[in-house]
Each structure stands twice: as structure tokens, then as C-alpha cells.
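Engineer: Only the shape, not the letters, is given here:
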DNA sequence: ATAAATCTACGACAATTGTCGTTGACAACC
DNA sequence: GGTTGTCAACGACAATTGTCGTAGATTTAT
């Protein structure tokens, strides 16, 4: 059986995951320092959260060096998808369109991003037509 | 001064808000019964959470009847937008395109919804061109 | 008018989360 | 070789969250 580590990461955990996704495998020190100046919390806090995440299976670590090296055990895409699906169900009644509207309204999307989304839309509609035989 | 109730609703709170958004003003009993069969929690749990939400300013209540009538004090759109913005910043590095990709991949979007999104896209691009003088 | 049902209010409680302080081990430096 | 700095581990702690049980008031039914 495959373990299903389907627990949503908390806010603090997600922040650390984001750093790992961006930097790749890192020491606690590196992660902590990457958290930016607005982060007020101490080093041991970061360490403790990383340890919890290890227990939960969100990260793995290499202990062969004195400074353990942590790396993400969950893929960014998969975690993101899970979070989006969750939000979709809980706050948007499962309607992707509503969520997309809010997403595009929330932050300025660049022209490039809008073009990317349009391309994605084309692909999805093409797939729909192929499969669904354009029934109403 | 206007109160800034900018606290994110918790999962349980969001579930109750969703009911209120859908049903309109309701009594605790109505809200609790609307929670569906998969909800195992007792009546007093729902009541307690509603009371907390009242303190936080997420809902308001009319106490003129014995059965108090609760109604949402925050608009669905605004709350949704806040949640999306939050997720965007924390998990997607602020890139709306990535989030939209996951949203559309997570749940099957109907042809109608895809068309809606396409229309939204058209509007946004039109606005961009008008304002931004199509610079790269 | 009594009994039964319903409703709010008030804690109580365990679990989780985020926060550190301290300690003991190890490494680096002089 | 002694001092200073860095690190993981552990436990403590307050705050939050979700969960009820019970008590007291009031409405409804008998």
C-alpha cells in the first residue's frame, strides 16, 4: 500500500515548502534565512516545524552531514492542486469558473499570463470536443 | 474608523458561511441541517462556531426571535477573493496563471464554464490594451 | 398546568499550531 | 587544548480550534 499523506500543510509549513520548491534541498539555516526579513520567528521555530514536517512525510532529510539537508517530499504541482481543489469545494461550490474569476481579479495578470491561460483553454476545449462529441 | 475583519475564516467557519451564502439568513437549526448527512457534528458545535463567528464579525444575528437568525456579514465575493489571494501568494508565488492551470485541472470544467472564462479573458485583455498601450 | 421539546449560554476538554529556551554534542578557531 | 560558535533534540507554553455536556429559559403539546 502506498502511504496517502493527504494532510493539508499548515500556513507555516507551506511557507517552508515554498522555499524548498524554489531553492531545492537546503539546510535549516538556509531555509530560515530565505524566509525574508519580515519573518520574525527564531531559528528553532523553523527547525521544529521542519521536524514535524518530517514526521508527517512532507519533507525528507539527509542526516549524513551534521547540518541536515531537507528536501521536499511532495511535489509543488500536486500540493498546489490539492489546495486548489480544497478551496474550490469549500468556498466556491466546486465551480472552477468562479475561482478563476477571483484569481484573475485578485492580482494583476500580465499579458503573457493571459496568453498562457488562453492557450490552456484552447487545449481543454479541444480535448472536450474530441471526447465529448459536443453534446449539450 | 471602519473595522477591518481581515481574519481568514477557518475551515469550519467557511462551511457555515457557505450555507449562509446559499440559503440566506437562517437559524442555527436550519444551518445545521443544511450541513448534509456527512456531517457528524452535533447541534451545539454548530451553535458555538456561529457564536464565535459573531464575535469575529463574520456573521451578524437577529435576536428578536427566540431562535436567533444569522446572516453573513461578509460578502461571498470578497471572502473568496481574499482566500484566493492568500493562496496565490503563499503557494503559487503570486502567479495567477499557475493557479488557474491547477484550478482547471482539478475539476472538470464544463464547456459552458470554459466559455465563461474565455469571455473574462477577452475583457481583461481588452482592458490591458486600452490601458497599457500594449508594451512588452 | 405539567411534561416534553427546543434553544441559547457557559464552560470543559483534547488536539493542533506556532513559538521559544535550554541542553548536550560537535566543529572551528586561536 | 581551551574557547567560542553552530546544530539537532527535547520539552514547555499559550493560543486556537473543533468538539460536547449540561444547565437554565422558553415555547409547544398534552
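Structural biologist: Okay, I see it. Predicted, not measured: the structure shown is a model, and the values here were computed from it. Numbering: from 1, shown residues only, chains lettered A, B, ... in the order given.
Engineer: how about the helices in chain A?
Structural biologist: For chain A, the helices defined by DSSP state H occupy A:11-23, A:28-34, A:43-56, A:76-91, A:96-106, A:111-132.
Engineer: Please report phi then psi for residue A:74.
Structural biologist: Main-chain dihedrals, residue A:74, degrees, to the nearest 10: phi -120, psi 140.
Engineer: Mind putting the helices of chain A into TSV with distance to residue B:38 and mean neighbour count?
Structural biologist: Where you see a C-beta, it was placed from the backbone N, CA and C, and this is true even at glycine. Converted to TSV, the helices of chain A look like this (distance: least, Cβ to Cβ, whole Å; neighbours: other Cβ atoms under 10 Å in any protein chain shown):
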stretch	distance to residue B:38	mean neighbour count
helix A:11-23	26	18
helix A:28-34	38	17
helix A:43-56	25	16
helix A:76-91	12	18
helix A:96-106	22	23
helix A:111-132	30	14
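Engineer: can you put these in CSV and add mean pLDDT?
Structural biologist: What follows is those, written out as CSV (pLDDT from 0 to 100):
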stretch, mean pLDDT
helix A:11-23, 96
helix A:28-34, 96
helix A:43-56, 97
helix A:76-91, 91
helix A:96-106, 86
helix A:111-132, 83
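Engineer: hmm, stretch A:24-37 touching DNA strand C?
Structural biologist: No. If you take Cβ under 7 Å from any atom of the strand as the test, stretch A:24-37 misses DNA strand C, and the best it gets is 9.7 Å.
Engineer: Next one: the most centrally placed residue in chain A from residue B:24, what distance?
Structural biologist: The residue lying closest to the centre of chain A (Cα atoms, centre = their mean) is residue A:80, at 3.6 Å. Computed with Cβ to Cβ, to the nearest Å, the distance linking residue A:80 and residue B:24 is 33 Å.
Engineer: Test my guess that the residue nearest to the centre of chain A contacts residue B:103.
Structural biologist: No. Counting by Cβ atoms under 8 Å, residue A:80 does not reach residue B:103; the two are 9.7 Å apart.
Engineer: for residue A:84, what are its contacts?
Structural biologist: Residue A:84 is in contact with A:99, B:87, B:99, B:102, B:103, B:106, counting by Cβ atoms under 8 Å, 6 or more residues apart in numbering or on different chains.
Engineer: Going by distance to DNA strand D, which of those residues wins?
Structural biologist: Here the nearest of these to DNA strand D, counting by Cβ to the nearest atom of the strand, is residue B:87; it sits at 16.6 Å.
Engineer: Test my guess that residue A:105 contacts residue B:81.
Structural biologist: Yes. Assessed by Cβ under 8 Å, residue A:105 is found in contact with residue B:81 at 6.4 Å.
Engineer: Let's have the contacts of residue A:84 in TSV, adding distance to DNA strand D.
Structural biologist: Formatted as TSV, these follow (distance: Cβ to the nearest atom of the strand, whole Å):
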residue	distance to DNA strand D
A:99	21
B:87	17
B:99	23
B:102	23
B:103	23
B:106	22
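Engineer: Spell out which parts of chain A neighbour DNA strand C.
Structural biologist: With Cβ under 7 Å from any atom of the strand as the criterion, chain A meets DNA strand C at residues A:10-13, A:40-42, A:44-45, A:48-49, A:52, A:66.
Engineer: ok, which pair from the residues you listed is furthest apart?
Structural biologist: Comparing every pair within the residues of chain A next to DNA strand C by Cβ to Cβ identifies A:11 and A:66 as the most remote, at 29.7 Å.
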